[in-house]
Each structure stands twice: as C-alpha cells, then as structure tokens.
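Peer 1: Structure for this input, please:
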Amino acid sequence: MKKILVIGGAGYIGSHVARAFLDRGYDVTVFDNLQSGVRENLFDDAKFIHGDIMRPEQLRSAMSSGFDGCVHLAALKAAGQSMLKPGEYAQSNISGTINILNQLLEAGISTVIFSSSAAVYGSPRYLPIDEEHPKDPENFYGFTKLEIERLLDWYDRLKGLRYAAIRYFNAAGYDVRGRVRGVELNPENLLPIVMETAAGIRPKLSIFGTDYPTRDGSCIRDYVHVTDLAEAHVTAFEHILRNGGSLTVNLGSQNGVSVLEMVDRARALTGKPVPADIAPRRPGDPAELVASSEKAKELLGWEPKYSDVDTLITSTWRMYENRSASR
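Peer 2: The predicted structure follows:
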C-alpha cells in the first residue's frame, strides 16, 4: 500500500483530495495546522498530524515515517487580502513551500503534487486559457503560486524532485456522497456565498457588475467540481510514478457560467429567494475566464464528471440545508 502525505488535508479542497486517495486504497496522513481546515473534515481511516509548515522540525518529524509522495495544499488564498498583506502571503506561501521542499528532499520523498491556481495567468489575452497562456498575475496571491511553480522547476532540475502543478480554475461543490462534513470557513467564492444567503446565514449577496460584455452582463467563470479536482491529484501522482516526468495542467470544466445564471439556478434548486444587490465592478475582475483542460485529458485521461451546474449547486446546498432548517 502506497503512503501519501496530504499537507493542508483538513481544508475544503484538501479534505476531498484526502478522500480521493483513501478511496483508491492509499495509506493517507493529513498534516494541517487547522487555521482554515476543520476537524470535521478529518476521516477516521486517515492519520492526522497537527503541525505547521512554518515549523521545519514538525515537517521533518511528520515525514520521518516515510512516504511515497506528498500533496501540498497549504496556503493563504484570498486574492484581495494578498494585496494588503503581501508579507504574510510571501511568508506562508513561498517560505512555507521552501520548508516543505527541503524536508521532502531530506526525507527522500521524490514526488509532490502542488495546488496551483489560474491566478498565475492574470487577465485572459485569449480564451479558453491553456497552459501556454502568458503568466501575468494581477494579485500577490497569484504571484506566490507562480513563484512556487518556478521553485518546483528548479528543484526538479537540480534535485530530481518530480512534481505536478495543478492550476485550478473555480473549485466548487462538495463530495456527492456527503462524506465531507465541514463547510469552508470564511468563503470568498460565489457558490458558498450564495448558499449562505439561501440558508439565511447572511442577509444578501452582492453581484459585482452587470455591465460586462457577456451574455447577461455579469462575469463568467469556469467552475470545476472539487471531487473532479481531487481525482486529478491521484491521477497526476500515478502518472508521475509510471512515467517519471513532471507536469503542469489546467483543471476546469471548459464551460463558462455567469454569476446571474448561477444565482438564478440556485434559487430554482434550493427553493429559496437568495436576495442579491447589484454592486459596482471590483477592480481586476476579468469579464470571462474559461479553461482549456485538453492537456489534462491528453496526459491524464482526466475529464470532469460532476462539474455541471446542477451537481455543483445541489452538492453544496446539501451542506447548508440543515443550517437553513436550524435558523
């Protein structure tokens, strides 16, 4: 049985990644400081180490038991906040990753799967966005992800550390079998905010701009189900074990959904009014972002199974429905 270390495995995406590896028969250990992850997302069939990537000695101790590979999902991730607190983001994302990479080498672990982001691209110069698209981040969060990708390339060239950099577009949804129990803390993405509004946790949501050059005037984004993302981590890891080379791929549904379309469909599926105000555009919000995932399909045989709008909404609403009933 192969052993995998999932750093950040108690978080929203990390818990789904841990579940995907468990479902494929791996021996999984989660390493998390529980800053944004929650204990509800720890599975009984996985081991847990409470630790922080800023503490190299804790990473060293965790890795000493030996692993076949590591998934790195630990990061600060709020794009807007990164522009106000670049020092914190540089320390956590870049310095924390250097700690991880150095300890992987020391422990003799030669494969890492890295959680990257479409934020490395910045505003699209063409659509759909493929992996060769120019990299020009428009926020400091995206800059940290791009710098980490560059570090990974150098560690590969100099030390033989093989990696997969997986550039997410908009992760959404929850495990379709309901096995992930904890909701995301302080969500900043559209769908959980819609669900919090439907559940009465917040009184209304804001739609930032309805005057974009899109089919209904609101921003269009590419939403990919988190279970589809999680499966790709396992597939990428197994691809590296078989073929030896590092890789970088986009993961998206390749379909754009507008903000208004998502809100309207959520109203229909939840039966809730979901009050919304129209607010001015936010600086730096592109009108449309849609991925090309052809490379992931070609290299990994990956195709999204759960990334249709209805599954995204219903799997998320299942997490919030009880909270609505209790209010």
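Peer 1: quick one, what contacts residue 138?
Peer 2: 119, 122, 123, 284 (Cβ atoms under 8 Å, 6 or more residues apart in numbering). Placement of C-beta: from N, CA and C, glycine included.
Peer 1: And the pLDDT for the last one?
Peer 2: Per-residue confidence at residue 284 stands at 78 (pLDDT).
Peer 1: Same question for the third one.
Peer 2: In this prediction, residue 123 carries a pLDDT score of 92.
Peer 1: right, and it touches residue 286 too?
Peer 2: Yes. Shown here, residue 123 and residue 286 form a contact pair, counting by Cβ atoms under 8 Å, at 4.7 Å.
Peer 1: Near residue 305, how many other residues are there?
Peer 2: 12 (other Cβ atoms under 10 Å).
Peer 1: Tell me where this protein has helices.
Peer 2: 12-23, 56-63, 79-84, 86-89, 96-107, 140-159, 190-198, 226-243, 259-270, 294-300, 309-325 (DSSP state H).
Peer 1: how about the ones you listed, which one is nearest residue 114?
Peer 2: Closest approach to residue 114 among the helices of the chain (Cβ to Cβ): helix 140-159, 6.1 Å.
Peer 1: Quick one: mean pLDDT for the closest one?
Peer 2: 98.
Peer 1: any weak-confidence spans in the stretch 1-150 of the chain?
Peer 2: The stretch 1-150 of the chain contains no residues with pLDDT under 70.
Peer 1: Tell me which of the helices of the chain sits nearest to residue 69.
Peer 2: Taking those one by one with Cβ to Cβ, helix 226-243 is closest: 5.5 Å.
Peer 1: quick one: the closest one to helix 12-23, angle?
Peer 2: Comparing the axes of helix 226-243 and helix 12-23 via axes from the mean of the first three to the mean of the last three Cα atoms, to 10 degrees yields an angle of 60 degrees.
Peer 1: Put the alpha carbons of helix 226-243 into CSV.
Peer 2: The C-alpha trace of helix 226-243 is given here as CSV (Å, rounded to 0.1, in the frame of the first residue of the first chain):
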residue,chain,number,x,y,z
VAL,A,226,-14.0,19.7,-6.1
THR,A,227,-14.4,15.9,-6.5
ASP,A,228,-13.2,16.2,-10.1
LEU,A,229,-10.2,18.2,-8.9
ALA,A,230,-9.4,15.7,-6.2
GLU,A,231,-9.5,12.8,-8.6
ALA,A,232,-6.9,14.6,-10.8
HIS,A,233,-4.4,14.7,-7.9
VAL,A,234,-4.5,11.0,-7.6
THR,A,235,-4.2,10.6,-11.4
ALA,A,236,-1.3,13.0,-11.6
PHE,A,237,0.5,11.3,-8.8
GLU,A,238,0.1,7.9,-10.5
HIS,A,239,1.1,9.4,-13.9
ILE,A,240,4.4,10.6,-12.4
LEU,A,241,5.1,7.2,-10.8
ARG,A,242,4.6,5.5,-14.1
ASN,A,243,6.3,8.0,-16.4
